[in-house]
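> only geometry, no sequence info:
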């Protein structure tokens, strides 16, 4: 079972999705954009692991709170630079320049598989929106962060973003098999919907139309 917590900031200026994979003996959290108290509102089970899709402020705002649980926080190694730089984690853009100190980071790379609570989480390195971008596949659900949305892709004009890497990441996602796609913002999507969307985004990027 998957529940999603939508975080509303500054009178609905920004909506960020934190996803919760609920298992028999605990839960797995995707991104740290909401406080733990809001996780408890959709799941009363203990948090066993946190997976970070990328180190932008809206997705890691509460990461130090999760760190105090002393559970593994899985992320790409490039998140270290993001955590230490208000420019890279874009907290400076939000007007709240922030650096983070985390003790329980566990680095994952493209192709890694992590077993948690009887679930297998497959990890895919997807830079483009951010140098530390990761997507995660669990059962038939794909968690894409800000790499891919239901009807858009993540911005490629922010610090550490790269159009060429985004094209490669979209091609990688297009090769995956899944049913439901859970994004970092907005609504869920499906593999069927993205079959046509992704090729369109790639063409736009190649033509510098995004």
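Done, it's in. For clarity, every value in this text was computed on a predicted model and none was experimentally measured.

> Let's test this: mean pLDDT of the lengthiest helix in the chain, rounded?
In the chain, with assignment by DSSP state H, the single longest helix is helix 191-206. Helix 191-206 shows a mean pLDDT of 93.

> And for it, what's in contact with it?
For helix 191-206, the surrounding residues in contact (CB atoms under 8 Å, 6 or more residues apart in numbering) are 142, 148, 150-153, 156, 163, 166-167, 170-171, 173-174, 177-179, 181, 209-210. For the C-beta atoms, the positions are set from N, CA and C on the backbone; glycine is no exception.

> quick one: pLDDT of the nearest residue to residue 56 once chain neighbours are set aside?
Spatially, and ignoring its direct neighbours in sequence, residue 56 is nearest to residue 90 (5.2 Å; CB to CB, 6 or more residues apart in numbering). Note on residue 90: pLDDT of 95.

> State the distance from residue 90 to residue 46.
31 Å (CB to CB, to the nearest Å).

> do the same with residue 39
10 Å.

> Can you mark which positions in the helix or strand where residue 171 lies are buried?
Secondary structure assignment for residue 171, by DSSP states H and E: helix 163-174. Buried positions in helix 163-174, judged by neighbour count with 16 or more other CB atoms under 10 Å: 165, 166, 167, 169, 170, 173, 174.
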